[in-house]
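**Student:** what follows is a predicted structure for the sequence shown.
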Amino acid sequence: MYSRSHAVIAGLTGIPLAVLAPSTEPPLLLWAYVLVLGVGIDVDHFVIARINRGDWTSLQRCLQKPSRAFVEQATIFDSEDIWRDQRLLSHLLIGAGLATLLWPLDSYWVFATAVTIYTYLLADLYSDIQTRDEYLRQNS
């Protein structure tokens, strides 16, 4: 799933989280956090691709042509750069780590983090199922 789709989903997820937040939480900051987390978590894809490829080709593609990150995301990674299970596991680890870091600070931000990561993973799994089904239809 591309970043623009994650941005829409995170933006929509952030609305009820911000509206229902305790009065001590700044709603706009909370909404912005959910949006940034929902899109920014994908930065780990570059690290996974580096581990799998042995080089930083994917990151170099974006640095050489930054517009790729916004309008040509399909050209950033090769098919063998990132495996679905690696991507999902990495997102779970990042979410758990972030929630652990936030725990001593504020439980509502932990809740918002967990909801955001859960929604993100659910969207990715749904997208993975759709692409798998399309692949099976084309190759049967």
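**Tutor:** Right, received. Where do you want to start?
**Student:** switch to C-alpha atoms for all contacts and neighbour counts from now on
**Tutor:** Fine.
**Student:** which outside residues touch the one helix or strand residue 29 maps to?
**Tutor:** Taking DSSP states H and E as the definition, residue 29 sits inside helix 27-40. With contacts defined as C-alpha atoms under 8 Å, 6 or more residues apart in numbering, helix 27-40 is touched by 3, 6-7, 9-11, 13-15, 17-19, 21, 109, 112-113, 116-117, 120.
**Student:** give me the low-pLDDT residue ranges for this structure?
**Tutor:** The model of the chain has pLDDT under 70 over residues 135.
**Student:** quick one, strands of it?
**Tutor:** With strands called from DSSP state E, the chain shows none.
**Student:** how about the helices in it?
**Tutor:** Using DSSP state H, the helices of the chain run over 3-19, 27-40, 44-53, 57-64, 68-71, 84-102, 107-138.
**Student:** residue 78: which of those is closest?
**Tutor:** In terms of C-alpha to C-alpha, the element of these nearest to residue 78 is helix 57-64, at 8.0 Å.
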